[in-house]
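Enquirer: Sequence first, predicted coordinates after that:
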Amino acid sequence: MCTHAADPFAPFLDPLETECHFLQTAVGSSSHAPSTVVYNFRHSGWAKTRHRVYAALESIEGERTRAESFRSCGSHAQVCESLAEPGVYRIATFNCHDRFCKPCTRFASTKRANVVYDFIKGRMVRFFTFTLKHNKEPLGDLLDRLKAAFSKLRKRKEWNRRVDGGVVFLELTWHERHGWHPHLHVIAEGRFFPQQQLAALWKECTGDSHVVNVVAVKDARKAAEYVAKYATKGYSDAILERDDTLREALIILKGRKLSSTFGSWRGLNLHDDEHTNEWVPLASLDDMHRQALAGNVYAEALLRHLQDPNKVPSPGPWEPAKYQIDNGNGQHPPPSKPLHQPQLEFLESDHRFSPWL
């Protein structure tokens, strides 16, 4: 039986957009599965698609472990406080890191946007797009051909005279009429490159494709934010709406790099997972939600702040006497040890491009 609708705090927690059946079977059967509360904070808004991705993973031979990890994303949710800045809170969970998990890819894209933004500040960069001609080739063959063509391009003298280094991201779309359509987004540092000359060079490298685009980036922040959308996701949502395209993408994209650096930018770490602060876990998200439902105004204030930290102020440094959680046994828990990566990972961070996930 689903009880979320009766939850008086549901208005400030995003409503579940899912069927209770999925929670109770596909997710609820695992002791490591995320709770209903975690769904409100992490998985609301894409439950039907998430169910479809999980079912597709289950149907692929050899992907059982991956499916279980995907299903468990958001489990062990803990409300944590910063040791360096008391009164600053985050929620930490187990994250699956699957590129078909929307919350995980959204968080990773934000981090990559920050890395690129910090790196290109003060540099003259250009934004390139390289496409392949539409055809009905299998996805794997198209991706191999695109990778080979870009590798050829980077070896050409014309390219090396004008481009010093950059970062490249794959974007994959699918159309009913044309089938798969992979293309590359590149931010690169260097000199002016005439588009007509680049188009001719790209056709020589691909054999049949000449569509390219070159734009001088005037707003580095917007450029980094736009390109970082493809840093970990790399595919359009239309691919997830069909069982056949979803299954093919799950199989073919596994293990493939969707972003990389080249030239003088090689060595730029796009996967920076560093956390400089230590965090102390205070209580599980489930426990805090239960306390709020029981009328604890302190727990409710914390939940409201965590749901929208930009609008709802923090209740201040942690005061356990106001919380009085007993974990069901009448006793207060012992002091927690600082939380370090990679035990759990934060649902949100001090990123610049997007608020609470």
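Expert: Yep, it's here.
Enquirer: And the residue sitting nearest the centre point of the chain, which helix or strand is it part of?
Expert: Taking Cα atoms, centre = their mean, the centroid of the chain lies closest to Thr105, which sits 1.5 Å from it. Using DSSP states H and E, Thr105 falls within helix 102-120.
Enquirer: I'd like the distance from that helix to the chain centre, please.
Expert: Put simply, helix 102-120 sits 8 Å off its chain's centre (Cα atoms, centre = their mean, to the nearest Å).
Enquirer: again with stretch 124-139
Expert: In terms of Cα atoms, centre = their mean, the centre of stretch 124-139 is set 22 Å apart from its chain centre.
Enquirer: The stretch 1-150 of the chain: strands as residue ranges?
Expert: Secondary structure of the stretch 1-150 of the chain (DSSP state E, counting those that start in this stretch): strands at 78-82, 89-93, 125-131.
Enquirer: Quick one: closest of the ones you listed to Leu172.
Expert: With Cβ to Cβ, the closest approach to Leu172 among these belongs to strand 125-131: 11.6 Å. Where C-beta positions appear, they are placed from N, C-alpha and C, glycine not excepted.
Enquirer: got the angle for the closest one vs helix 102-120?
Expert: 130 degrees (axes from the mean of the first three to the mean of the last three Cα atoms, to 10 degrees).
Enquirer: other SSEs contacting the helix holding Thr105?
Expert: strand 179-190, helix 220-228 (3 or more Cβ pairs under 8 Å, 6 or more residues apart in numbering; DSSP states H and E).
Enquirer: Any idea how many residues pack against Ala84?
Expert: 9 (other Cβ atoms under 10 Å).
Enquirer: What confidence value was assigned to it?
Expert: Ala84 is assigned 88 on the pLDDT scale.
Enquirer: so how far is Val280 from it?
Expert: Separation of Ala84 from Val280 (Cβ to Cβ, to the nearest Å): 11 Å.
Enquirer: one step back: my guess is the residue nearest to the centre of the chain contacts Arg99, does it?
Expert: Yes - using Cβ atoms under 8 Å, Thr105 is in contact with Arg99, at 5.8 Å.
Enquirer: Surely Trp46 touches Lys102?
Expert: Yes - taking contacts as Cβ under 8 Å, Trp46 lies within contact range of Lys102: 5.0 Å.
Enquirer: Neighbour count for those two, which is higher?
Expert: Taking other Cβ under 10 Å, Trp46 and Lys102 do not tie; Lys102 has more neighbours (21 against 17).
Enquirer: Would you mind confirming that the more buried one is in contact with Lys48?
Expert: No - Lys102 lies out of contact with Lys48 (Cβ under 8 Å); the separation is 11.8 Å.
Enquirer: hang on, isn't Arg156 packed against Leu198?
Expert: No - if you go by Cβ under 8 Å, Arg156 and Leu198 don't touch, sitting 10.2 Å apart.
Enquirer: Look at these two and report which has more neighbours.
Expert: Set Arg156 next to Leu198 and count neighbours by other Cβ under 10 Å: Leu198 wins out with 21 against 14.
Enquirer: State the pLDDT value of the closest residue to that one other than its chain neighbours.
Expert: Nearest residue to Leu198 in three dimensions, chain neighbours excluded: Val212, at 5.3 Å (Cβ to Cβ, 6 or more residues apart in numbering). At Val212 the predicted local confidence, pLDDT, stands at 95.
Enquirer: show me the contacts for Val212.
Expert: By Cβ atoms under 8 Å, 6 or more residues apart in numbering, the contact list for Val212 reads Phe128, Thr129, Phe130, Thr131, Gln195, Leu198, Ala199, Trp202.
Enquirer: Now do Arg50 against Ala67, distance only.
Expert: Applying Cβ to Cβ, the value for Arg50 to Ala67 is 12 Å.
Enquirer: ok, these two, which is more surrounded?
Expert: Arg50 (25 against 20).
Enquirer: which residues of the stretch 1-150 of the chain fall in helices?
Expert: 20-22, 36-38, 47-59, 64-71, 102-120, 139-155 (DSSP state H, counting those that start in this stretch).
Enquirer: Please work out which of those helices is packed deepest.
Expert: Per-stretch averages of neighbours, counted by mean count of other Cβ atoms under 10 Å, single out helix 36-38 among those, with a mean of 23.
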